[in-house]
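**Student:** predicted model follows, preceded by the sequence.
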Amino acid sequence: MAVTESVTGETFGGARVAHEGILRRQSARESRARTYARALPIVPVRARGLTIEGADGRRYLDCLSGAGTLALGHNHPVVLEAIRKVLDSGAPLSVLDLATPVKDAFVTELFRTLPPGLADRARVQFCGPAGTDAVEAALKLVRTATGRTGVLAFTGAYHGMTAGALAASGGAGDVRVARLPYPQDYRCPFGVGGPRGAELAARWTESLLDDPKSGVPLPAGMILEPVQGEGGVHPAPDDWLRRMRRLTAERSIPLIADEIQTGVGRTGAFWAVEHSGVTPDVMVLSKAIGGSLPLAVVVYRDDLDVWEPGAHAGTFRGNQLAMAAGTATLAHVRENALADRARLLGTRMLTRLRQLQDDFACVGEVRGRGLMIGVELVDPEAERSPGQREPAGSADPAESPDGASTGPDSGVTGERDGDPGPRPHPAAPRLAAAVQRACLERGLIVELGGRHAGVVRLLPPLTITDEQADAVLDRLADAVAAVARDPSDRHGVRKD
């Protein structure tokens with residue numbers, strides 16, 4: 001299905017009636033906890049690659065990708081072939097934690113992709129098929145291995161919806177987990193941003209660990225996302241991430257990298273920690289590793305493998321179809337250098353999207369890494385947030401003398417003077433929701449995220465073509481322009 005196909009919404013009456021009936025029954029019968037279905041009132045019936053076709057006949061470009069699950073897009077041929085091969089073989093489909101040829105192939109391919117320093121001494125734990133259960137397993141693992149209980153996590157984090165994962169996320173309501181500042185530029189917690197802001201965040205962490213009166217005893221582990229996704233698409237500065245690795249290693253604190261959404265080429269490296277050259281002690285993996293099917297694992301250093309039998313398990317940890325689909329996906333991404341493709345295309349998309357930042361005052365900042373991109377919407381007429389600063393602008397990505405990226409694509413910006421300068425405007429969640437609706441009207445599916453749901457997020461499959469990328473950017477730009485022009489929306493203000 002080509003991206004140039006018309007998206008008019010004019011369908012046969014019967015299809016429209018069926019579409020509306022399904023949505024009506026969903027609303028009447030499903031839990032109020034449903035999320036995506038509220039903002040995206042579509043009924044997918046067919047999909048291939050980037051494109052979804054709804055029951056009403058409309059076609060959409062899908063930049064949600066199952067919240068990052070679909071590294072190869074919908075129904076990729078290599079994934080379908082792998083699934084059919086298992087189905088046709090007569091192999092069992094669910095085997096708990098028994099050894100099978102399908103599992104052996106998956107683990108072999110997974111270990112082939114792991115960061116240097118981990119693959120040669122790794123252990124893998126299959127758990128429940130959701131990323132949040134893998135987080136629970138990782139937290140239990142480091143607590144068991146160290147004999148300690150506390151955990152260090154970061155503001156803005158998202159690690160899942162189960163109790164332990166929520167406790168380590170940014171919206172936690174208890175204090176079992178000590179919260180640390182995650183560096184970001186646009187809304188730096190210290191009001192300075194850039195390398196200086198990241199340095200202050202690192203110093204705060206070091207002080208908290210070494211101050212005997214900080215109130216935070218030596219923890220069982222530190223968990224972080226190399227790029228915060230739900231937190232608003234904030235890439236960790238590479239130097240800061242290396243600093244966290246040194247701080248934890250020197251104090252024998254296991255470092256847990258949550259690569260549930262950032263892994264399998266999404267950010268322009270196979271695993272996002274590779275941008276900084278960091279090797280974590282524990283990696284939490286899910287989403288794309290199952291090739292669109294439910295699968296989650298924890299990979300960790302062998303000396304942490306102190307589990308008692310059955311210490312963490314899950315009935316569906318032996319999902320053979322997911323392992324086969326995952327093996328095919330991992331191999332296809334590796335063999336076709338799709339991580340490099342994500343890095344190059346992501347840089348080009350970010351550069352073009354930053355034109356929106358120049359054109360519209362309601363676009364506060366465009367940021368991301370690889371094909372994990374966020375556009376933050378703000379209210380330019382509201383009073384600026386206290387303690388915050390103006391963004392860096394739209395400079396093109398640059399290379400530092402040591403080869404580490406310091407441009408916007410890296411999440412690291414250039415050094416600034418000591419003056420915090422003007423502060424950014426407050427987030428505009430209603431405006432972001434309006435942009436999401438305008439995108440859907442134009443046949444584009446996007447997600448919202450960020451602290452106040454004010455960030456429009458793009459998570460296209462790694463297989464997206466240049467033509468498709470241009471279509472995505474055209475539709476998003478047109479949606480932003482339409483919302484900004486709407487005189488009934490006082491948030492939309494064009495820069496003249």
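**Tutor:** That came in fine, so what should we check first?

**Student:** quick one, longest helix in the protein?
**Tutor:** Secondary structure of the chain read by DSSP state H shows that its longest helix is helix 338-359.

**Student:** buried stuff in that one?
**Tutor:** Of the residues in helix 338-359, 338-339, 341-343, 345-347, 349-354, 356-357, 359 count as buried by neighbour count, 16 or more other Cβ atoms under 10 Å. From N, CA and C alone the C-beta is placed, and that goes for glycine too.

**Student:** what is that helix packed up against?
**Tutor:** Based on contacts counted as 3 or more Cβ pairs under 8 Å, 6 or more residues apart in numbering; DSSP states H and E, the elements that helix 338-359 packs against are strand 363-369, strand 372-377, helix 466-485.

**Student:** got a markdown table for the ones you listed, with mean neighbour count, distance to Leu304 and mean pLDDT too?
**Tutor:** Formatted as a markdown table, the helices and strands packed on helix 338-359 follow (neighbours: other Cβ atoms under 10 Å; distance: least, Cβ to Cβ, whole Å; pLDDT from 0 to 100):
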| stretch | mean neighbour count | distance to Leu304 | mean pLDDT |
| --- | --- | --- | --- |
| strand 363-369 | 27 | 28 | 96 |
| strand 372-377 | 28 | 28 | 98 |
| helix 466-485 | 19 | 41 | 96 |
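
**Student:** with only the CA atoms kept, save the longest helix of the chain in PDB.
**Tutor:** Coordinates of the C-alpha atoms in helix 338-359 are reproduced here as PDB (Å, rounded to 0.1, in the frame of the first residue of the first chain):
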ATOM      1  CA  LEU A 338      18.800  -1.100  10.100                       C
ATOM      2  CA  ALA A 339      20.200   0.600  13.200                       C
ATOM      3  CA  ASP A 340      22.500   2.700  10.900                       C
ATOM      4  CA  ARG A 341      19.500   3.400   8.700                       C
ATOM      5  CA  ALA A 342      17.600   4.600  11.800                       C
ATOM      6  CA  ARG A 343      20.400   6.900  12.800                       C
ATOM      7  CA  LEU A 344      20.800   8.500   9.400                       C
ATOM      8  CA  LEU A 345      17.000   8.900   8.700                       C
ATOM      9  CA  GLY A 346      16.300  10.000  12.200                       C
ATOM     10  CA  THR A 347      18.900  12.800  11.800                       C
ATOM     11  CA  ARG A 348      17.300  13.900   8.600                       C
ATOM     12  CA  MET A 349      13.800  13.900  10.100                       C
ATOM     13  CA  LEU A 350      14.900  15.800  13.200                       C
ATOM     14  CA  THR A 351      16.500  18.500  11.000                       C
ATOM     15  CA  ARG A 352      13.300  19.000   9.000                       C
ATOM     16  CA  LEU A 353      11.100  18.900  12.100                       C
ATOM     17  CA  ARG A 354      13.200  21.700  13.600                       C
ATOM     18  CA  GLN A 355      11.900  24.000  10.900                       C
ATOM     19  CA  LEU A 356       8.500  23.700  12.800                       C
ATOM     20  CA  GLN A 357      10.300  25.000  15.900                       C
ATOM     21  CA  ASP A 358      11.500  28.000  13.900                       C
ATOM     22  CA  ASP A 359       8.100  28.600  12.200                       C
END
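
**Student:** so how far is the lowest-mean-pLDDT helix or strand in the chain off the chain centroid?
**Tutor:** Using mean pLDDT, DSSP states H and E, helix 163-167 stands out as the lowest-scoring helix or strand of the chain, at a mean of 73. How far helix 163-167 lies from its chain's middle: 18 Å, per Cα atoms, centre = their mean, to the nearest Å.

**Student:** got the CA coordinates for that helix in PDB?
**Tutor:** The C-alpha atoms that make up helix 163-167 are tabulated as PDB, following Å, rounded to 0.1, in the frame of the first residue of the first chain:
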ATOM      1  CA  ALA A 163       3.900  -2.200  41.600                       C
ATOM      2  CA  GLY A 164       7.700  -2.400  41.600                       C
ATOM      3  CA  ALA A 165       8.000  -0.900  38.100                       C
ATOM      4  CA  LEU A 166       5.600   1.900  39.000                       C
ATOM      5  CA  ALA A 167       7.600   2.600  42.200                       C
END
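
**Student:** I'd guess Gly87 is in a strand, am I close?
**Tutor:** One thing to correct before we go on: residue 87 is Leu, not Gly. No. Counting by DSSP: H, G, I helix; E, B strand; the rest coil, one finds Leu87 to be helix, located in no strand.

**Student:** so what's it closest to, chain neighbours aside?
**Tutor:** Spatial nearest neighbour of Leu87, excluding adjacent residues (Cβ to Cβ, 6 or more residues apart in numbering): Leu321 at 7.6 Å.

**Student:** from Ile52, how far out is that neighbour?
**Tutor:** When Cβ to Cβ, to the nearest Å is the yardstick, Leu321 and Ile52 sit 22 Å from each other.

**Student:** between the two, which one's more packed in?
**Tutor:** Neighbours were tallied for Leu321 and for Ile52 using other Cβ atoms under 10 Å; the higher tally belongs to Ile52 (24 against 21).

**Student:** those helices in the stretch 51-200 of the chain, which residues are they?
**Tutor:** For the stretch 51-200 of the chain, applying DSSP state H, counting those that start in this stretch gives helices covering 65-68, 77-89, 101-113, 131-146, 163-167, 194-210.

**Student:** TSV for those, including mean neighbour count and distance to Gly314?
**Tutor:** Conversion of those to TSV gives the following (neighbours: other Cβ atoms under 10 Å; distance: least, Cβ to Cβ, whole Å):
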stretch	mean neighbour count	distance to Gly314
helix 65-68	21	20
helix 77-89	16	20
helix 101-113	17	14
helix 131-146	24	6
helix 163-167	19	14
helix 194-210	18	33
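
**Student:** which of these has the lowest average pLDDT?
**Tutor:** In terms of average pLDDT, helix 163-167 trails the rest of the helices of the stretch 51-200 of the chain, at a mean of 73.

**Student:** follow-up on the earlier one: pretty sure the residue nearest to Leu87 is touching Arg84, no?
**Tutor:** No. In this structure, Leu321 is not within contact of Arg84 by Cβ atoms under 8 Å, at 9.9 Å.
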